[in-house]
Structure formats: C-alpha cells, structure tokens
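Q: Quick one, what's the 3D model for this:
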Amino acid sequence: MSSTPTPTSPSAAMFGDVTLQAAAALAQDAYTPVWIAASGEQTAGELVARHLESTIALLEQDGWARTYTPWSTPDLPAADDPNASVEDMVRELIRAIRDDAPAGQPRCLSMALNHVGSGTDGDGDTRDIAHTVLDLIMRAHTGHDTARAMAWAERAHRTLPEVTALLTAGARFARAHGPSAAVAI
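A: Predicted coordinates for the structure are as follows:
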C-alpha cells in the first residue's frame, strides 16, 4: 500500500498549482540555471521527476527519519577503540563513506536523495537539481526567499506524508517545467 498522498489529501493540497506556478516564476528569475548542475549539461525534467519518485519509494521502503541519525555497525571497531589497528579504522571509514546507510535503516530526506543519486534512478546532477526544485517549491510555499526544503523537512512537527507531498510536488514541477529529453543535452 502506497502512502504517497493523492491530490485530494491535505498534505498534497499544501503544494498545489498556485505554489508550483510561483515556484516556476522563481525558477525563471533564478540567478543560475535550474536545470543545469555540476556536469554543465542540461538535465531533462523527467529524469529529475524519476529521482524524486524513487526517493519516495526509498523512504516508504526503509523508513523516514526527520533528521540525520548516525547508525552503528557493530561488526566494525570504533575509531576511538585503542585496540583498533589503523587498517581497521581506515576500513571502517571507507565502508561508512561507501554505504550511506545500511538497507532498511530510516533515512532523512537529504540522505534519501543522496542514496538515489548513487543508483540507477539518478545521478549527481539529478540529485542537485532535485534539491534546487524542492527549495524553489519551499520558497514559493512559504513566501520566504531563504526557505530551504531540507530545513523544512527537519522541523520537529514534520511528518512523512508532508515530506512525500513535497517530493510528489517536486516531481510534478519537474515534469511540467523542466526541459524535455529531446531538449536536454
């Protein structure tokens, strides 16, 4: 059973057409191009939408944590263990960098977007543009120029349905206002 909000749910209504149109106006006036990230290549809106929808699926599968919570790996020695060798500590560090979270561990929004960006449904550019799209929607939603989606998602009263509503709105925005695959480089 999917917990993605339907267009009639209160969470989905918080990011309606008026908000998405306001976000489109902000994107048009943006100082830097919204649909071009670090690679310097334009990215199709559909690819960003797929990244955002895969993030929803990941959060539904593994769970959502409001804020980043370090997880433990009991089979690895702690870095401050006086009996751990340098080799053990380096191995622990490399594993921590490679595996942003073990499967089944709840993830905050930022970690979930990063995880999808390292898989088959996204990359570094789609991740970065997804962040930008979510920030545009949040700025349009709040009316505050410095509002950011990650900070909004970490508020103490935030819920998973609200976060998935934001991600769903981001996917809608990307499809409606992003470049088509034929236009993207």
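Q: Could you give the number of residues near E92?
A: By other C-beta atoms under 10 Å, the residues close to E92 number 18. Glycine gets a C-beta too; all of them are placed from N, C-alpha and C.
Q: burial measure for E87, as a count.
A: 8.
Q: T126 now?
A: T126: 25 surrounding residues under other C-beta under 10 Å.
Q: show me what contacts the spatially closest residue to it that is not a sequence neighbour?
A: Nearest non-adjacent residue to T126, counting by C-beta to C-beta, 6 or more residues apart in numbering: H51, 4.0 Å away. H51 is in contact with L113, V116, G117, D121, G122, T126, R127, A130, counting by C-beta atoms under 8 Å, 6 or more residues apart in numbering.
Q: ok, those residues vs I94, which is closest?
A: Of all the contacts of H51, G117 has the smallest distance to I94: 19.3 Å, by C-beta to C-beta.
Q: the domain parsing of this structure - what is it?
A: Per automatic domain parsing, the domain ranges recorded for the chain read 17-68+107-177, 70-105.
Q: now, of those domains, which is deepest in the fold?
A: Stretch with highest mean neighbour count among the domains of the chain: domain 17-68+107-177 (a mean of 19; mean count of other C-beta atoms under 10 Å).
Q: Relative to the whole chain's centre, how far out is that one?
A: Here domain 17-68+107-177 is found 5 Å from its chain centre; the criterion is C-alpha atoms, centre = their mean, to the nearest Å.
Q: show me the contacts for Y31.
A: By C-beta under 8 Å, 6+ apart, Y31 has no neighbours at all.
Q: and the gap between M138 and G104?
A: Separation of M138 from G104 (C-beta to C-beta, to the nearest Å): 29 Å.
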